[in-house]
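*Asks:* Turn this into a structure:
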Amino acid sequence: MLMNVSRVGSNPYFAILGVKPEQLALAPPTLLRGKLLVPGRSDDVMLGNRAASQLGVDVGETVDLLGRRFTVVGVYRGDMPLFDGG
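*Replies:* Numbers count the residues shown, from 1 in each chain. Okay, here's the model as predicted:
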């Protein structure tokens, strides 16, 4: 797993976590909308419910993170505030 904290929008502490789709499938988060990440789709992203709300995006829309554009494929509920906000 990779982790970075960056300013995204008005949030100066936006947690960005990188997990391989194969690893995510072993312990998936509670999915609220959309689907899990799949192998081979490096421009897809899942967002915590709070993060999606703060960024004003939902499944099917795009979001810019760390200078790259991603398509939101899933929105999940994190068990901890850190994970729900990124």
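
*Asks:* Quick check: residue 63 vs residue 69, distance?
*Replies:* Distance from residue 63 to residue 69, counting by CB to CB, to the nearest Å: 7 Å. C-beta: built from backbone N, CA, C; applies to glycine.

*Asks:* which ones are touching the residue nearest to the spatial centre of the chain?
*Replies:* By CA atoms, centre = their mean, the chain has its centre lying nearest to residue 47, at 2.7 Å. Residue 47 sits next to 55, 57, 63, 72, 74-76, 86 when contact means CB atoms under 8 Å, 6 or more residues apart in numbering.

*Asks:* Going by distance to residue 33, which of these wins?
*Replies:* residue 75 (4.6 Å; CB to CB).

*Asks:* just to revisit the earlier point, how about the residue nearest to the centre of the chain, secondary structure?
*Replies:* strand (DSSP: H, G, I helix; E, B strand; the rest coil).

*Asks:* try residue 70
*Replies:* strand.

*Asks:* ok, it touching residue 37?
*Replies:* No: between residue 70 and residue 37 there is no contact under CB atoms under 8 Å: 10.6 Å.
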